[in-house]
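Trainee: structure, please.
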Amino acid sequence: MSTRRDFLMTSAGLIGAAAPMLARSQALPCPPPQMSAGGTGSTATACTPSTMPAYISSMAPFQVRALAGSYAPSNGTSTLRSIMPSMWAGNDQIMSPWSGGAKSTVGTKMYVHGGGHSDSSNNGLYSFDFAGTSGPTGWAVENQGQTGVTSDIAVGSSGAPISVHTYDGMVDMGSALYRFGGSSYPSGGFTVQMLRYDKAASRWTRLPNWGSPPQFAGMAMGNQAAGKILLMDRFVSYFTYGFYRVASNNWSPMRSVAAQWVGDGAAAYNPATNSGLVVGADNQSGVRAFSISIDWNAETITQTPRSLGNLGSGCALLWDPTRGVYWCFGSNSNNGTLYEINPTTFAVTPHSLTGDAPLTPETPYWGTFGRWAFMDSWRAIGSVASRTSPAFVIRLP
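Mentor: Residues are numbered from 1 along each chain as shown. Take a look at the predicted model:
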């Protein structure tokens, strides 16, 4: 385990407070599509018209609700461990070791996937569906995985992948999830695995390597309208980035940015301005955040350092098109504050979480990364902090 600590860093979170506001009982209307100057036309928002479930509408902004007791899942699944296939008994440490899931900005499902290094060979894929009325639907096994996998499958073939620390390298693109690189089981180090998971077929397919060096460990953000995913590497080449082209299943050239990316970072995309944000640990030069201007057609980016303070490493970061801000939570050292980040001024407003906060993590705990679902029309973020605790929702204003 000591070798892993050589390249991973932690940092402390901030503490702040804000008074809760009154809850809204109905879903907000969806914002109109936002034009994407560097993409391929209008960009879909993360909003689907719907009636907000009662278990969310009864909450106040910045309240946390653990989905247990009277809010327990309707399918009778209380925790991730409760639905784990028996073949993974004693081998289910897939959340605490620098792992998250596929950031879900549409729909009601959160995907959880991880393992890797010496922590776990569990390569299963699991989901939690927040859809429901008085309570959510609950946990399900999307793909139970396969035991004993320690070698990579060939490019173009399908099969069970090696388990990895996912970091922020998983993206939900609608019909498929994409998993890029990571630190693999059992020996650690960074892998060349680039994979697509087709939801309908429940099938993993190996994608081409992304460049030279072919290993990857870092952040990813997707643009469904452009049909591309931006990758930013932190722990292999430190300064590189590239674009994966979904339709043609190939890569842009790898390019370099001016400053080293942040450690254990998370990335989010703002389609209104074709920009993004990366937040994490100190990049060894005193920078913990970068804003990014993205040209999806030319497949280039411009990186600008930003002073946001110390929000912590391994956080979850997402873009909220209705409020027009970024939200950040669940870093290595913060489980009681939701940070609101202005995309123009980069001012950070901390909001103390109430209700069932703080969100008790596993030990050791290395962050949330992409282990969340953003339900814009319900004004809620869904996530989970451990294998043995209930999933939860955070109510947004």
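
Trainee: burial measure for the closest residue to Val192 other than its chain neighbours, as a count.
Mentor: Leaving aside its sequence neighbours, Val192 sits nearest to Pro214 (CB to CB, 6 or more residues apart in numbering; 4.2 Å). Where you see a C-beta, it was placed from the backbone N, CA and C, and this is true even at glycine. Neighbour count of Pro214, defined by other CB atoms under 10 Å: 16.

Trainee: can you tell me the SS state at Pro214?
Mentor: coil (DSSP: H, G, I helix; E, B strand; the rest coil).

Trainee: what segments of the stretch 1-150 of the chain are helices?
Mentor: 2-7, 54-57 (DSSP state H, counting those that start in this stretch).

Trainee: which of those helices has the lowest mean pLDDT?
Mentor: Sorting the helices of the stretch 1-150 of the chain by mean pLDDT places helix 2-7 lowest, at a mean of 35.

Trainee: report the buried residues of stretch 173-185.
Mentor: 173, 176-185 (16 or more other CB atoms under 10 Å).

Trainee: identify the farthest-apart pair in those residues.
Mentor: Greatest spacing in the buried residues of stretch 173-185, by CB to CB: Met173 and Tyr185 (25.0 Å).

Trainee: ok, now which ones touch Thr360?
Mentor: Counting by CB atoms under 8 Å, 6 or more residues apart in numbering, Thr360 makes contact with 335, 385-386, 389.

Trainee: kindly recompute the last result at 10 Å.
Mentor: Contact partners of Thr360, counting by CB atoms under 10 Å, 6 or more residues apart in numbering, are 66, 335, 385-386, 388-389.

Trainee: okay, the residue nearest to Val192: pLDDT?
Mentor: 96.

Trainee: now do it against Gly114, distance only.
Mentor: 21 Å (CB to CB, to the nearest Å).

Trainee: Ala200 belongs to a helix, doesn't it?
Mentor: No: looking at Ala200 with three-state DSSP, it is coil, so not inside a helix.

Trainee: what sits closest to it if chain neighbours are left out?
Mentor: Counting by CB to CB, 6+ apart, the residue nearest Ala200 is Ser175, at 6.9 Å.

Trainee: what sits against that neighbour?
Mentor: For Ser175, the contact set (CB under 10 Å, 6+ apart) comprises 196-201, 224, 246.

Trainee: what about Pro350, distance to Asn310?
Mentor: Distance of Pro350 to Asn310, computed by CB to CB: 12 Å.

Trainee: neighbour-wise, which of the two wins?
Mentor: Between Pro350 and Asn310, counting by other CB under 10 Å, Pro350 is the more crowded of the two (20 against 17).

Trainee: what lines up beside the one helix or strand the more buried one maps to in the sheet?
Mentor: Here Pro350 sits within strand 348-352, counting by DSSP states H and E. Partners of strand 348-352 in the sheet, by DSSP bridges, are strand 337-341 (antiparallel).

Trainee: please save the CA atoms from the strand it pairs with in CSV.
Mentor: Taking C-alpha atoms only, strand 337-341 is exported to CSV below (Å, rounded to 0.1, in the frame of the first residue of the first chain):
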residue,chain,number,x,y,z
THR,A,337,-20.3,20.8,3.3
LEU,A,338,-21.6,21.4,-0.2
TYR,A,339,-19.6,24.1,-2.1
GLU,A,340,-21.2,26.3,-4.7
ILE,A,341,-18.8,27.7,-7.3
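
Trainee: and that strand, how far out from the chain's middle?
Mentor: 16 Å (CA atoms, centre = their mean, to the nearest Å).

Trainee: pLDDT of that strand, averaged?
Mentor: 98.
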